[in-house]
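# coordinates only, sequence not included:
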């Protein structure tokens, strides 16, 4: 029973450096998408898929 309480009380943490990296990607992308990969409640990967539009 004690082990279950420890597992359930685990908080998901988003670090400031991860948020700053996401903001940086958003500020530098013109067209495209940004995907966050989450494992165990934490950001483990950020993917930036940028589109280049030809006129």
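Yep, it's here. For clarity, every value in this text was computed on a predicted model and none was experimentally measured.

# Is it correct that residue 34 is in contact with residue 22?
Yes. Using C-beta atoms under 8 Å, residue 34 is in contact with residue 22, at 6.7 Å. Every residue, glycine included, has its C-beta placed from N, CA and C.

# next helix or strand past the helix or strand harbouring residue 17?
Here residue 17, judged by DSSP states H and E, is contained in helix 16-28. Where DSSP H and E defines the elements, the next helix or strand beyond helix 16-28 is strand 32-39.

# Can you tell me what sits against the very next helix or strand once past that next one?
Using DSSP H and E, the helix or strand that follows strand 32-39 in sequence is strand 42-50. The contact list for strand 42-50 (C-beta atoms under 8 Å, 6 or more residues apart in numbering) reads 12-15, 18, 21-22, 25, 29-38.

# Just the buried ones among the residues you listed, please.
Neighbour-count burial (16 or more other C-beta atoms under 10 Å) is assigned, among the contacts of strand 42-50, to 22, 25.

# if I pick the residue nearest to the spatial centre of the chain, what's in contact with it?
In the chain, the centroid-proximal residue (C-alpha atoms, centre = their mean) is residue 36; its distance is 3.7 Å. With contact set as C-beta under 8 Å, 6+ apart, residue 36 has these partners: 22, 43, 45-47.

# Show me what it is bridged to.
Going by DSSP bridges, residue 36 is paired in beta bridges with residue 46.

# what residue ranges in this protein are flagged as low confidence?
For the chain, residues meeting the criterion pLDDT under 70 lie at 1-10.

# Run a quick neighbour tally on the closest residue in space to residue 11 that isn't next to it in sequence.
In space, and not counting its chain neighbours, residue 11 is closest to residue 41: 7.7 Å by C-beta to C-beta, 6 or more residues apart in numbering. Using other C-beta atoms under 10 Å, residue 41 has 10 other residues around it.

# re earlier: neighbour-wise, which of the contacts of residue 36 leads?
residue 43 (18 neighbours).

# So that one versus residue 13, what's the distance?
Noted for residue 43: a distance of 9 Å to residue 13, by C-beta to C-beta, to the nearest Å.

# is it true that residue 11 lies in a helix?
No. Read with DSSP: H, G, I helix; E, B strand; the rest coil, residue 11 is coil and lies in no helix.
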